[in-house]
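A.B. asks: please work out how this folds:
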Amino acid sequence: MTNRGKLAEDIADSWLQNRKLHILSRNFHSRWGEIDIIAMDKQTLCFIEIKYRKSSQYGTAAEMVTLTKQQRIIKTAQFYLHQHHEYANKPARFDVLSLSGDLQNPVIDWHKNAFMMST
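C.D. replies: Numbering: from 1, shown residues only. Okay, here's the model as predicted:
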């Protein structure tokens, strides 16, 4: 991970905590991929992808979460739930937190329910 990537995740972590989310895990890995932040938003389990783009000239940060990336996040979330049975009956959602501009004062957009697990 680049220094900018780590800084963006640190900013996102703090920003989410300021909105009363309880961070459960950062950079959770499985053989399918990684989830940047796993948190509880009241009673909802949130799997959060953090994306940073200095400029939206080639697309927004949220647009960079491709279908392939979504599928990897979903498989990793399923693996997390397999390991953490205490969250199995909680409602869950997949969010994207996008940061753009200067990281000293970024624009932050929180896309709740950015994608869904297909059935």
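
A.B. asks: residues touching Ile35, list them.
C.D. replies: Contacts for Ile35 were tallied using C-beta atoms under 8 Å, 6 or more residues apart in numbering; they are Ser25, Asn27, Phe28, Phe47, Ile48, Glu49, Ile73, Thr76, Ala77, Tyr80. Where you see a C-beta, it was placed from the backbone N, CA and C, and this is true even at glycine.

A.B. asks: among those, which ones are buried?
C.D. replies: Phe28, Phe47, Ile48, Glu49, Ile73, Thr76, Ala77, Tyr80 (16 or more other C-beta atoms under 10 Å).

A.B. asks: out of those residues, what pair is the most spread apart?
C.D. replies: Farthest apart among the buried ones among the contacts of Ile35 by C-beta to C-beta are Glu49 and Tyr80. That separation is 13.7 Å.

A.B. asks: hmm, back to that, take the buried ones among the contacts of Ile35 and keep only those in strands.
C.D. replies: Among the buried ones among the contacts of Ile35, the members falling in strands (DSSP state E) are Phe28, Phe47, Ile48, Glu49.

A.B. asks: middle-most residue in the chain, spatially?
C.D. replies: Ile48 (1.8 Å; C-alpha atoms, centre = their mean).

A.B. asks: quick check: closest non-adjacent residue to that one.
C.D. replies: Ile37 (4.2 Å; C-beta to C-beta, 6 or more residues apart in numbering).

A.B. asks: quick check: beta-bridge partners of the one you found?
C.D. replies: Counting by DSSP bridges, Ile37 is bridged to Arg26, Ile48.

A.B. asks: what sits up against whichever strand or helix holds Gln70?
C.D. replies: For Gln70, the host element (DSSP states H and E) is helix 67-83. Contacts with helix 67-83, where a contact means C-beta under 8 Å, 6+ apart, come from 25, 28-35, 38, 47, 49, 65, 87-88, 92, 94, 115, 117.

A.B. asks: same question for stretch 101-114.
C.D. replies: By C-beta under 8 Å, 6+ apart, stretch 101-114 touches 4, 7-8, 11-12, 15, 49, 52, 54-55, 60-62, 65, 93-100.
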